[in-house]
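> below are the sequence and a predicted model; questions follow.
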Amino acid sequence: MPAKRYTTREMIAKLVSFDTTSRNSNLELIAFVESYLSDHGVSCRLIANEDDTKANLFATLGPADRVGGIVLSGHTDVVPVDDQEWTSDPFAIVERDGKLFGRGTSDMKSFIASALAHVPDFLERGPDIPIHFALSYDEEVGCLGVRPMIDSVIRTLPRPQIVIVGEPSSMKVVNAHKGIQSYVTKVTGLEFHSSQTHQGVSAIEHAAELIAFLMRLAGEMRERGDATGRFRPPFTTISVGLIKGGSAVNIIPGHCSFSWECRPLPDLDPEEIITRFNDYVAGDVLPRMRAVSLHANIETLVRARSPGLAPEDGSPGETLVMKLAQCNETEAVSYNTEAGLFQLADIPTVVCGPGSIDQAHKPDEFIELSQIAECDRFMARLAEHVGG
């Protein structure tokens, strides 16, 4: 019995039907992809997480031992739909007005679907150049899954010519993006009656000092700007997204925590902001707190860190992707992807995928059918290229 072929639209519908919100397992989706590839004679390697609830999938079409392969990278997880007002089931495809609606249609199951739907075409051409599929878990919570796949598989490959990360870029070729560093800072003070402020240590007040310091740093980063003129906004950003603290208005608060992030330009020293923040804590704020209570403390924990992507203008891989995408220039974006991690592994990397980042993470997420068609044409050109 011949292996089943899917259109890209059918494959999108199948992938979207798996609720792979990052808090959930992605194993059902991975099992489907593994079975589909196996039916086409393609073997897969799975790289599981520590508790075997999630897995990366790596597969190669064509001669695996040849240098100059092309890696198609995509994450299988999606962001939650909680508290979002959808007009249709987020995990079932609905077509309206030339668009497909569903969670992950833009970010980024449509790229994966197009690549998988073209597997029979790749194989029929008997690729002379290997095509590697690298599907990962937990990108949305810090690019967690791709790291062990890079370490255990990608680094052992004959050097690929290019990694194409299929995040939504409207099928433009992106060769630069910002990094992301996300932290939670926990401030421990000393509770006391609010009439005795000299005897207590207010965790909220000192957290406010730290946030004010971060905002001063943010202003400095804005003034430095972006020497390349490519990014929007054109500077490294710092923002505070969540703060919790206190129990009553008449109690000096003993605990406060706040979550914050910075999105540095690719050329910024990745340690500068957190180092300056920690120096301010150790040299200014914490000594004043401990002058009242030796048990006062400030602790900052890393939630996620992912590097930016620096441009490698004119590399053979970038030139190839521009040809496949029929683009004459490259773009820079402010969102983060796993592309920087591949680049740290010394593999040229670009971002190019269907859909718009403007639709990602929103209720009624959608992708335009014209973007799917453009990605399909990209994959058809890729099949022709690797087939000689």
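Now that the structure is in, tell me what you want to look at.
> distance check, the closest residue to Phe192 other than its chain neighbours against Gly102.
Using CB to CB, 6 or more residues apart in numbering and skipping the chain neighbours, the partner closest in space to Phe192 is Gly200 (3.0 Å). Any C-beta I mention is one placed from the backbone N, CA and C, and that applies to glycine too. From Gly200 across to Gly102, the span is 52 Å (CB to CB, to the nearest Å).
> and if you look at Met322?
Counting by CB to CB - Met322 and Gly102 are separated by 30 Å.
> more neighbours: which of these two?
Remark: of Met322 and Gly102, Gly102 carries more neighbours, 27 against 18, as counted by other CB atoms under 10 Å.
> please report phi then psi for the more buried one.
Dihedral pair for Gly102: phi 160, psi 150, per degrees, to the nearest 10.
> so who does the spatially closest residue to it that is not a sequence neighbour touch?
Closest residue to Gly102 apart from its sequence neighbours, by CB to CB, 6+ apart: Val16 at 4.3 Å. Under the criterion of CB atoms under 8 Å, 6 or more residues apart in numbering, the neighbours of Val16 are 91-93, 102-105, 109.
> picking up where we left off before, any idea how many residues pack against the residue nearest to Phe192?
Gly200: 21 neighbours (other CB under 10 Å).
> surely it touches Asn250?
No: the pair Gly200 / Asn250 is not scored as a contact, 11.4 Å apart, by CB atoms under 8 Å.
> overlap in contacts of these two?
The contact lists of Gly200 and Asn250 share 193-194, where a contact means CB under 8 Å, 6+ apart.
> which is the next helix or strand following the helix or strand hosting Phe122?
Applying DSSP states H and E as the criterion places Phe122 in helix 119-124. Going down the chain from helix 119-124, the next helix or strand is strand 131-136, by DSSP H and E.
> now for that next one, which elements pack on it?
Contacting strand 131-136 under the criterion 3 or more CB pairs under 8 Å, 6 or more residues apart in numbering; DSSP states H and E are the following elements: helix 27-39, strand 55-61, strand 70-75, helix 110-117, helix 146-152.
> dump the ones you listed into a markdown table; add mean pLDDT, distance to Leu268 and mean neighbour count as well.
Shown next, in a markdown table, are the helices and strands packed on strand 131-136 (pLDDT from 0 to 100; distance: least, CB to CB, whole Å; neighbours: other CB atoms under 10 Å):
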| stretch | mean pLDDT | distance to Leu268 | mean neighbour count |
| --- | --- | --- | --- |
| helix 27-39 | 98 | 36 | 18 |
| strand 55-61 | 98 | 29 | 23 |
| strand 70-75 | 98 | 24 | 26 |
| helix 110-117 | 98 | 29 | 28 |
| helix 146-152 | 95 | 22 | 19 |
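> okay, these in CSV with distance to Asp279 next?
Formatted as CSV, the helices and strands packed on strand 131-136 follow (distance: least, CB to CB, whole Å):
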stretch, distance to Asp279
helix 27-39, 44
strand 55-61, 38
strand 70-75, 35
helix 110-117, 42
helix 146-152, 29
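> and Gly241, which of the ones you listed is closest to it?
strand 70-75 (21.6 Å; CB to CB).
> direction included, what does whichever helix or strand comes after that closest one pair up with?
Going down the chain from strand 70-75, the next helix or strand is strand 94-96, by DSSP H and E. Sheet pairing here is set by DSSP bridges, and for strand 94-96 it gives strand 99-101 (antiparallel).
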